[in-house]
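Q: let's see this in three dimensions:
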Amino acid sequence: MNSRSSGAGEPDRRNTLLRAFFRFLDTRKIPYCLLAGHEAYPTAIDSDIDFMIPPADLPGLRQILPAFAAAYGVHLVQALEHEVGACYYVLAWWDEGGKPDYLELDVTGDYRRRGRLWLYAEELLARRRPNPHGFCVPAPADALLYYLIKRTDKNAVGPEHFARLCRLWQQAPEACRRRLKGYWPDASVGLLHECFESADSKRFYPALPDLRRALLKTHPPGVSRYRQARARGGEWIRRWRRWRRPSGWVIVVLGPDGSGKSSVIEAAQALLAPAFRRTRVVHLRPRLLGGARGAGAAVTDPHALPSRGAQASLFKLLYLVLDYNLGWLVHIRPWKVRSTLVVFDRYLDDLAIDPRRFRYGGPTWAIRLALVLIPRPDMAFVLDAPAAVLQARKREVEAAESNRQREAYRRWATQREMKVLDASRALPDIANDLADRVLRRLEVRLERRRHTDRKHA
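A: Numbers count the residues shown, from 1 in each chain. Just a heads-up that it's a prediction; the model follows:
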């Protein structure tokens, strides 16, 4: 996310909310420490908030976060378990213009990466200390070790990361050197000492691949092989939970020619991106079969070509059904599991509304059967605007056809319980409306899952 700083007037709500959240932890006697990126807090919050609490408090945090959200007028819309004992929460609210804003909280107990246990929360929390802004942070040696493991394992140490490592080292060089032993061989610890002491990045970067290999070969000190085996076993359980209850979301945006689907999708995608790990736009179908050639290409005369015969149309429809089902299995579902917002620009429903566009000449009952046989999105939206507005924006079809499409989409939305959005408004208003509806559904999904977890606890 972009950095947002408090101005001279009213403090930025993200900063106020962050302070309130840590007071919330204090009142419940949950010890915590911020792990990285906190030097500018609360003046600027330029990313998610990485912090650590005791592993025993993790389940309770998920149960009490909705109470915190309700008390401060925000909404808990995402809970992503990205490691065993680590969860990424997203709080959302809307500004005066209806635009969503977010605070992302990335909490961990014992520190793991890719199923491996690296650091015990108990040790880091025992040595934590307050910083000048009143937040609790790790001791410099613990902060350096955590950050170095994280960035080295990612094989991503940029200039700003290296500068931060140097600052941490220079706060307590001997403690940092002792802390690194057991994670790297003595020669590597000596090299790190020299690089961080002199801020010599020219020696550090060529050595980074070797440092990563050495780290991944090591057995972290103080971590028993039994605990490490349990951590790896827990990773498979976590992956199964993610597959069964993915944190991603799939939406479909439909509408007649000229309703502004592409523009609305682009704007809404940007508004919703902070609530997910990534976003993807798919045009019409997954395209596992047939590739992506010409996908999303502009169509200037959708009714120019004649319809196929009935037999060819039915074979084409069968092809589409296979593509949707196989594409969901191979692409869409895994994307959802990896917390992706997937937005379909058109869907097979469009074939029922405008068969001429797709050169379909078969029976209508076959289309309705096909729609039953393919996976359905989590939400579907229909963009609606008067025919005169559609014609003013795009004259791909005649005015009478624009009016027919509009009425057909409106009826379809009613039959299928889709959300109808007024597309005659300004683009920011439409995008804000769509994002608002998605975020509120995400909040409902989390609440249902929370109640299910409590019921089976």
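Q: so is Gly73 in a helix, a strand, or just coil?
A: coil (DSSP: H, G, I helix; E, B strand; the rest coil).
Q: from what I can see Pro220 touches Tyr120, true?
A: No. Using Cβ atoms under 8 Å as the test, Pro220 is too far from Tyr120 to be in contact (9.3 Å). All C-beta spots, glycine's among them, are computed from the backbone N, C-alpha and C.
Q: which residues touch stretch 362-381?
A: 249-254, 308, 310, 313-314, 317, 320-321, 324-325, 328, 332, 344, 347-349, 351-352, 355, 360, 413, 416, 418-421, 434, 437-438, 441 (Cβ atoms under 8 Å, 6 or more residues apart in numbering).
Q: so Gln170 sits against Phe196, correct?
A: Yes. Using Cβ under 8 Å, Gln170 makes contact with Phe196 at a distance of 7.3 Å.
Q: more crowded one of these two?
A: Neighbours around Gln170 and Phe196, counted as other Cβ atoms under 10 Å, are more numerous at Phe196. The numbers are 24 against 13.
Q: any idea how far Ala366 is from Leu351?
A: Ala366 sits 10 Å away from Leu351, going by Cβ to Cβ, to the nearest Å.
Q: between those two, what contacts are shared?
A: Leu317.
Q: neighbour count: these two, which is higher?
A: For Ala366 versus Leu351, neighbours defined as other Cβ under 10 Å are more numerous around Leu351 (23 against 17).
Q: run the chain-centre distance for the helix or strand hosting that one.
A: Using DSSP states H and E, Leu351 sits in helix 349-353. Its chain's average C-alpha position is 30 Å from that of helix 349-353, according to Cα atoms, centre = their mean, to the nearest Å.
Q: list the helices and strands that helix packs on?
A: Here helix 349-353 touches strand 249-254, helix 364-373, helix 399-416, going by 3 or more Cβ pairs under 8 Å, 6 or more residues apart in numbering; DSSP states H and E.
Q: for it, what is the average pLDDT?
A: Averaging pLDDT along helix 349-353 gives 95.
Q: which parts of it are buried?
A: Across helix 349-353, burial judged by 16 or more other Cβ atoms under 10 Å covers 349-353.
Q: C-alpha coordinates for that helix, CSV please?
A: Provided in CSV are the C-alpha atoms of helix 349-353 (Å, rounded to 0.1, in the frame of the first residue of the first chain):
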residue,chain,number,x,y,z
ASP,A,349,-24.4,-15.8,-18.7
ASP,A,350,-23.7,-13.3,-21.6
LEU,A,351,-24.4,-16.1,-24.0
ALA,A,352,-28.0,-16.4,-22.8
ILE,A,353,-28.5,-12.6,-23.1
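Q: what about Arg277, neighbour count?
A: Neighbour tally, Arg277, other Cβ under 10 Å: 16.
Q: tell me which residues touch it, please.
A: Neighbouring residues of Arg277 by Cβ under 8 Å, 6+ apart: 80, 338-340.
Q: repeat that with 7 Å
A: Applying Cβ atoms under 7 Å, 6 or more residues apart in numbering, we find Arg277 in contact with 338-340.
Q: for those residues, give me a markdown table that also has pLDDT.
A: Converted to a markdown table, the contacts of Arg277 look like this (pLDDT from 0 to 100):
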| residue | pLDDT |
| --- | --- |
| Arg338 | 94 |
| Ser339 | 95 |
| Thr340 | 97 |
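Q: now, those that are in helices?
A: Using DSSP state H, no member of those falls within helices.
Q: all the strands of the stretch 301-450 of the chain, residue numbers only.
A: Remark: strands assigned in the stretch 301-450 of the chain by DSSP state E, counting those that start in this stretch are 340-345, 379-384, 419-422.
Q: columns mean neighbour count and distance to Arg445 on top of those strands, output as CSV?
A: CSV is the format used below for the strands of the stretch 301-450 of the chain (neighbours: other Cβ atoms under 10 Å; distance: least, Cβ to Cβ, whole Å):
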stretch, mean neighbour count, distance to Arg445
strand 340-345, 23, 13
strand 379-384, 23, 11
strand 419-422, 17, 16
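Q: does Leu117 really touch Arg227, like I thought?
A: Yes. Counting by Cβ atoms under 7 Å, Leu117 does reach Arg227; the two are 6.0 Å apart.
Q: ok, back up a step: now what about the helix holding Leu351, what contacts it?
A: Identification of contacts with helix 349-353 by Cβ under 7 Å, 6+ apart yields 254, 358, 360, 367-368, 371, 405, 408-409, 412.
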